[in-house]
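1. Sharing a sequence plus its predicted fold:
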Amino acid sequence: MRLFASLCTATLLLAQESAAPTIRINVNLIQIDATVTDKQGKHVPNLTAADFELLQDGKRQTITDVLWVHPGTLAAPRRTLAILVDDLSLSARSLADTRDALRNLINTKLGPQDVVSVGQVSNGDALLQRFTSDKRQLLAMVDRLSLRGRHGAASIAPLEGGGEQAGDPTLAGLARAQFAREESAMNTRKEINARVFLATAQHLVRGLRELPGRKSLILFAEQLALSAASDAPSALSTDRTLTTIRELADWANRSSVVLYPIDPRGTANAMLSAADDMPAVVGRRGMGRIAPREQSYLDSQYGHSLLAEQTGGLASLNRNDLPEALATAVSDQEGYYILSYRPDDQTFVQSKQGPKFHRTEVKLRPAGLRVRYRHGIVGADDAQRIPPPASPLEAALLSPLRATALPFRLTPLLLRQPDGTAFVRALLHLNVQPLDFREAPAAKDDPDQSPWYEANVVMAVFLYDDNGDAVQKVSRSQRIRARGPALDSIQSHGLMQQLELPIPRPGPYQLRAALVDTSTQKAGSASRFLEAPDWASGHLALSDIVLSGQSGPALRQLNAGEQFSYSAAVYNGGPALVSQISIYRQGKLIHRGEPTNRSKPQIEGALALDPGAAIGAPKSRQFALRQIDFTIR
C-alpha cells in the first residue's frame, strides 16, 4: 500500500490564446516545422525559401511560404512543456536525478508565461495532469513522482552468479536455466514497457493539439529498445513498433509537438564493476555475459534517437549534466520555421491498408548550418485524422487534459471470478455539489409532498491496452434523485457508482472514466494504470487492495488516527504464505508490519497508522506486490 499526502492543485485558465500558427495538412497545403541552428547550437533567423530544399518521397517540392516563428512574433509568448517520466523503466538512482533536474528547471529556468505539466506513465495523471505556471504546484507534481518498475536501485543491473559455478553439474544446470528464464522475462517486460510508453506518448501528443502554439514533450526514460525498426542494432520483432513510431511522428506534426527523449543514466559503465559478483562472473562463462549487457545498454537508447529524429527534436544520451540537458530541450522553442508546399495528387491516395506514409527531407543551401525536421507524414487530410468529438463525454474521455468541472475519484479493483476470468471493478466516487439539481414535484399519492431534486448524468468507462486500443467500453445514463436527509447526505459525502469490465488477457492497461452533467454539459475525467497478471500461469499473484475507512473504498480518505481495514485475495498461493504490509508517505517508508503467516488465500486486517513502528525486512524471495494510494485529511 502507499500513502500519499494530499496536495492542493489549481486549474490554469488560458484566458488569452497565443497567436502561434497551427500546422495544417490537407489536399491543398502541407506544412512541416523545422529548426535551424549554427555550429554552436544557436537558432538561425531570417532564412527564406531560397535557403531550403524540401523533398517528399525523394521528389523536390516547391516551397510556397516560409514563416519564422519566435517569441517576438507572438502576442502572448510562452513555452508549453509536457514532461513525461517513464517510471516503468527508471531505476531509483535515475528517478532521484530526474527529480533534482526538474526541481532545478522549475526554480531557475521557467518564466511566468511558461505552461508546464509533469506526469508519469504508470499513473493516469501522466495523461491528465493540469497544465500550470504555478511553481508550487509543479514542485508538488515532481514530489509525487515515484517508482513502479522493477529495475532496482542502479541503472546497470549487477551480474550475479546464482549457482552457475556450483560443483554439482545438476545444480549448475538448474541455475543457468533459471537465469535464462529470468532474462527472458525481463526482456519481455522491457518490450511491454516500451509499447506502453509509446501508446502513452501518442495519446498525450494527440491531446496536446488542443493547446495553442508549439509544444515540447520531454521524455525521461531508460529502456526504449524499439527493436522493430529494420535498422535497429538487434532486430527482434515485427514492424508494428515502427508503424507506431510513424503514427506518433505524424500526430506530433499535426499537433505541433516536438519530442525530446532524455536518458537520465548519464555516462553509464556496462563493463565489470564493484557491484558485480566477481567470483561468479570472472571466467569464460561469466565474462561472456559482459558483451550482451553492453549491447543491451546500447539497444535501450535506440528508441531515444529514433523518436527525436522522426519528430525534429533532440535526444540527450550519455550526458551527466541532466539540468543542462533539460535546459537545452526547453530552450529549443526559441525559434523555428514553418515550411509550406502544395502536395501532388498522389499524396492522399490510400491503399487497401489505409493512408500511405510519405518520407520528407529538408536540406539547407547555406553552409555550416544544421536542420532538424519531421521525417514523414501520413497522407490523410486533417479532417480525416482529427474528427471533432461526437459529444462532451467523448471529449472528456479522450483529452489528455483532465476535465475538472465535475470532480470524481476513480478506484480500479483488479479481481478474478471463480472460473478464472479476470475483471476490473471500477469504483467512482462523485462529488454531486456541482451537479444541476432541479426541483421535481412529488407524486400525488406520496405521503411526503416535499419536492424531489433530480440531476442527470452520463458516464463512460473505457479500458485501453498497451497499444492504445479500447478493448472494453461501458457507458450508461443515470438519474440521481433525492430529497430531505438523503439529499443532504449525498451532498455532504458524495455518491458512489460501480461498473465492471472484463480483462481480455494479461498485460498492462489504462482505465479511463468520464462523467457529464447532461443539463450543464459540465464534465469530469480520471485515469488509472493497472497491470493484469497471468493468473493461469500458476505464479503467485494478488488482487488489488480494497481499503476502507469511514469514507468507503471508492474515496479512500481517512481522518488522522482513524482505523481502516484492508483486504486482498491471493491466487496460486502455497501453504507457506507470508504477507507484509508497508505504508509510504511521499515515497518515504513510515510503517512496515511484521511478516504474517497466512493459512487462507486472503490477506485482510485493520490498522491505525503508527509512524514509529519498527521496520523489518521481507524474508521471502518470491513475492507478488500490489499497492493503493489514499489520503489523510
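-> Alright, I've got the coordinates. Just so it is clear, the model here is predicted, and its values are computed rather than measured.

2. Quickly find the element holding the nearest residue to Ala249 once chain neighbours are set aside.
-> Computed as CB to CB, 6 or more residues apart in numbering, the closest residue to Ala249 that is not its neighbour in sequence is Gln310, at 4.0 Å. C-beta coordinates here come from the backbone N, C-alpha and C atoms, glycine included. When elements are assigned from DSSP states H and E, Gln310 belongs to helix 302-311.

3. how much distance is there from that helix to the middle of the chain?
-> 18 Å (CA atoms, centre = their mean, to the nearest Å).

4. same thing with stretch 428-442?
-> That offset, for stretch 428-442, works out to 33 Å (CA atoms, centre = their mean).

5. Stretch 490-504 too?
-> 24 Å.

6. still on that earlier bit, got a pLDDT number for the residue nearest to Ala249?
-> With respect to pLDDT, Gln310 scores 86.

7. circling back to that earlier point, what element comes up after the helix holding Gln310 heading to the C-terminus?
-> Next along the chain from helix 302-311, counting by DSSP H and E, comes helix 322-331.

8. That next one vs helix 302-311, what angle?
-> 20 degrees (axes from the mean of the first three to the mean of the last three CA atoms, to 10 degrees).

9. Report the rounded mean pLDDT for stretch 576-588.
-> Average pLDDT, stretch 576-588: 76.

10. Endpoints of that stretch, how far apart?
-> 29 Å (CA to CA, to the nearest Å).

11. Helices of the stretch 401-550 of the chain, residue ranges please.
-> 484-493 (DSSP state H, counting those that start in this stretch).

12. Check the stretch 1-150 of the chain too.
-> Under DSSP H, counting those that start in this stretch, the stretch 1-150 of the chain gives helices at 92-108, 125-128, 135-143.

13. can you list contacts of the first one?
-> Spelled out, it's helix 92-108. Residues from elsewhere that reach helix 92-108, judged by CB atoms under 8 Å, 6 or more residues apart in numbering: 83, 85, 87, 90, 116, 118, 135, 138-139, 142-143, 145-147, 152-155, 220, 222, 264-266, 322-323, 325-327, 330.

14. Emit the PyMOL select command for whichever of those residues are buried.
-> Restricted to buried positions by 16 or more other CB atoms under 10 Å, the PyMOL selection for the contacts of helix 92-108 reads:
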select buried, resi 83+85+87+90+116+118+138+139+142+143+145+146+147+155+220+222+264+265+266+322+323+325+326+327+330
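
15. so where's the stretch 101-250 of the chain uncertain?
-> Within the stretch 101-250 of the chain, the ranges that satisfy pLDDT under 70 run 123-130, 148-190, 225-242.

16. Could you rerun that using 80?
-> Residues of the stretch 101-250 of the chain that meet the criterion pLDDT under 80 lie in 122-132, 134, 136-137, 140, 144, 147-196, 207, 210-213, 223-247.

17. next one: the stretch 251-400 of the chain
-> For the stretch 251-400 of the chain, the stretches flagged by pLDDT under 80 are 267-300, 353, 382-390, 398-400.

18. Helices along that one, start to end?
-> Under DSSP H, counting those that start in this stretch, the stretch 251-400 of the chain gives helices at 278-281, 284-287, 290-300, 302-311, 322-331, 382-385, 392-398.

19. Out of those, which is closest to Leu110?
-> Nearest of these to Leu110, taken as CB to CB: helix 322-331 at 8.1 Å.

20. how near is Ser525 to Leu501?
-> In this view, Ser525 and Leu501 are 17 Å apart by CB to CB, to the nearest Å.

21. And Gly574, by the same measure?
-> For Gly574 relative to Leu501 (CB to CB), the value is 30 Å.

22. Compare those two (neighbour count), which wins?
-> When neighbours are counted by other CB atoms under 10 Å, Leu501 comes out ahead of the other of Gly574 and Leu501, with 19 against 9.
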